[in-house]
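**Student:** Provide a 3D model corresponding to the input given below.
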Amino acid sequence: MSDRILLVEDDPLIIDSLSELLNSEGYVVDTASTQQRAIELATPGAPNSSLCDLVLMDVTLSAGNGFAACAAIKQARPDLPIIFLTASDDEFNTVTGLTMGADDYIAKPFRPRELLARIAAALRRAHPQRSLLRLGTLTIDTDRARVEKHGNEIVLSALEYRLLLLFAQNKGKIVTRETMREALWDDAGTYIEENTLSVYIKRLRDKVEDDASAPKLIQTVRGLGYKACE
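**Tutor:** Sure thing, here's the model as predicted:
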């Protein structure tokens, strides 16, 4: 089941762009533009409650403010992770947000991959049992960045691990070479050449596939990219 994110924001452009980004990563997105609506959607038992798994909360709203909404939501659901989004990164707002119970704080403008990483980390902390990912015979412990195959540890380079994690988090979906390049570039801080991507794929297959010449876990989708299969 996909995680459900409540986006509390009153700027239509930001709502559209963030909803598109989150939907593309497999999240279900609900939106609220006011303090009261955010509380209604995030609170169990309230009419039309979305039972969200995480809240992205802007500090400044057209009616009310994110701090008050955060405090009310945390009172009802103390374990629900809340990440503040704001154009301000001053110390006062940061401390205020965290005091109100926020789990993280990210200032606009932010890189999409950084936001997605913060969301994934917050969800892992809220649901520690989810820290294990499985891909075929592989088990990936995301808390320790440890990969096992048939119970034996596989040693991967940092980029190989990030690439495997990208596939494991997108099982059954086509991962384009551009998506791979963006993910590795953002995380590693280095541009990844086209031919280099092919080299990383080959190295990864050599380590995780039972037969790298006939890959079953990471399959090529000609003209589109790759797809991770169970």
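**Student:** Let me see the contact set for Arg203.
**Tutor:** Contact analysis of Arg203 by CB atoms under 8 Å, 6 or more residues apart in numbering lists 157, 160. (Each C-beta comes from the backbone N, C-alpha and C, glycine too.)
**Student:** In three-state terms, how would it be classified?
**Tutor:** Of the three states, Arg203 takes helix under DSSP: H, G, I helix; E, B strand; the rest coil.
**Student:** Distance of it relative to Cys229?
**Tutor:** Computed with CB to CB, to the nearest Å, the distance linking Arg203 and Cys229 is 19 Å.
**Student:** before we move on, what about Val59?
**Tutor:** Distance from Val59 to Cys229, by CB to CB: 42 Å.
**Student:** okay, the two: which has more neighbours?
**Tutor:** Taking other CB atoms under 10 Å, Val59 and Cys229 do not tie; Val59 has more neighbours (20 against 14).
**Student:** So the more buried one sits against Ile82, correct?
**Tutor:** No. Using CB atoms under 8 Å, Val59 makes no contact with Ile82, being 11.5 Å away.
**Student:** what stretches of the protein score poorly on pLDDT?
**Tutor:** Along the chain, the parts satisfying pLDDT under 70 run over 1-2, 45-50, 88-98, 100, 128-131, 186-192, 230.
**Student:** tell me the domain ranges of it?
**Tutor:** 4-126, 130-228 (automatic domain parsing).
**Student:** Spell out the residue ranges of the helices in this protein.
**Tutor:** For the chain, the helices defined by DSSP state H cover 12-24, 35-42, 66-76, 91-99, 112-126, 158-168, 177-188, 194-208.
**Student:** Could you provide those helices in TSV, with additional columns for distance to Leu132?
**Tutor:** As requested, the helices of the chain are arranged in TSV below (distance: least, CB to CB, whole Å):
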stretch	distance to Leu132
helix 12-24	23
helix 35-42	27
helix 66-76	28
helix 91-99	29
helix 112-126	10
helix 158-168	10
helix 177-188	21
helix 194-208	16
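**Student:** closest one to Val221 among the ones you listed?
**Tutor:** Across the helices of the chain, Val221 has its closest neighbour in helix 177-188 (10.6 Å, CB to CB).
**Student:** which parts of that closest one are buried?
**Tutor:** Across helix 177-188, burial judged by 16 or more other CB atoms under 10 Å covers 179-184, 187.
**Student:** closest to Gln75 among the residues you listed?
**Tutor:** Closest to Gln75, out of all of the buried residues of helix 177-188 and judged by CB to CB, is Asp187, at 36.1 Å.
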